[in-house]
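>>> Pasting the sequence and the predicted coordinates here, then a few questions.
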Amino acid sequence: MSRIDEAVQLFEGNYLCSQAVFTVFSEEFGLSKEDAFKIGACFGSGMRQAEVCGACTGALMALGLKYGDNKEKCNEVSDRFFEEFKKENASFICRDLLGCDISTPEGVKSALEKNLFKEFCPKMVASAVEITEKIMDE
């Protein structure tokens, strides 16, 4: 199974976007999936504030596993990730992507009514994994 498929499957299986993206890279860098799930647990839903998309934070954590010993390289790959994600998805801010603020009960209700968590968010998970793989493979 590809990382993209695995991450989407994890997300659809009730893991957060941040957990799903981070976890599919974790074992390659010596971090167990169980620990990756724990580390990524507070970053979903734009850090619970509808800020930076959780799929993006999961991707940045994964990039940190690969490049974390080199600050300049971390800055470079982080900037590149955000640039590519924004180019592909128009934003990397959760509330902008969803068109509602899921840090509020009204925003969550709107997202549920529009089926965003099932129809839109998996696309963000897939996009984040794809961009992360591209960066890591270069």
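Everything's here; your move.

>>> All the helices of the chain, residue numbers only.
3-12, 17-26, 33-39, 44-45, 54-67, 71-89, 94-98, 105-113, 116-119, 121-137 (DSSP state H).

>>> Deepest in the core, which of these is it.
Comparing those by mean neighbour count (mean count of other Cβ atoms under 10 Å), helix 17-26 ranks first with a mean of 29. Backbone N, C-alpha and C define where each C-beta goes, glycine included.

>>> correct me, but residue 93 touches residue 54?
No - with contacts counted by Cβ atoms under 8 Å, residue 93 stays clear of residue 54, the gap being 11.4 Å.

>>> Find the centremost residue of the chain, please.
residue 55 (1.0 Å; Cα atoms, centre = their mean).

>>> residues touching it, list them.
Counting by Cβ atoms under 8 Å, 6 or more residues apart in numbering, residue 55 touches 17-18, 20-21, 121, 124-125, 127-129.

>>> now do 10 Å
By Cβ atoms under 10 Å, 6 or more residues apart in numbering, residue 55 lies in contact with 7, 11, 16-18, 20-22, 43-44, 46, 85, 89, 92, 94, 97, 121-129, 131-132.

>>> what's the answer for residue 59, then?
Per Cβ under 10 Å, 6+ apart, neighbours of residue 59: 7, 17-18, 21-22, 25, 53, 77-78, 81-82, 85, 92, 125, 127-133, 135-136.

>>> Now for the protein, the helix or strand with the poorest mean pLDDT.
Scoring the helices and strands of the chain by mean pLDDT, DSSP states H and E places helix 44-45 at the bottom, with a mean of 94.
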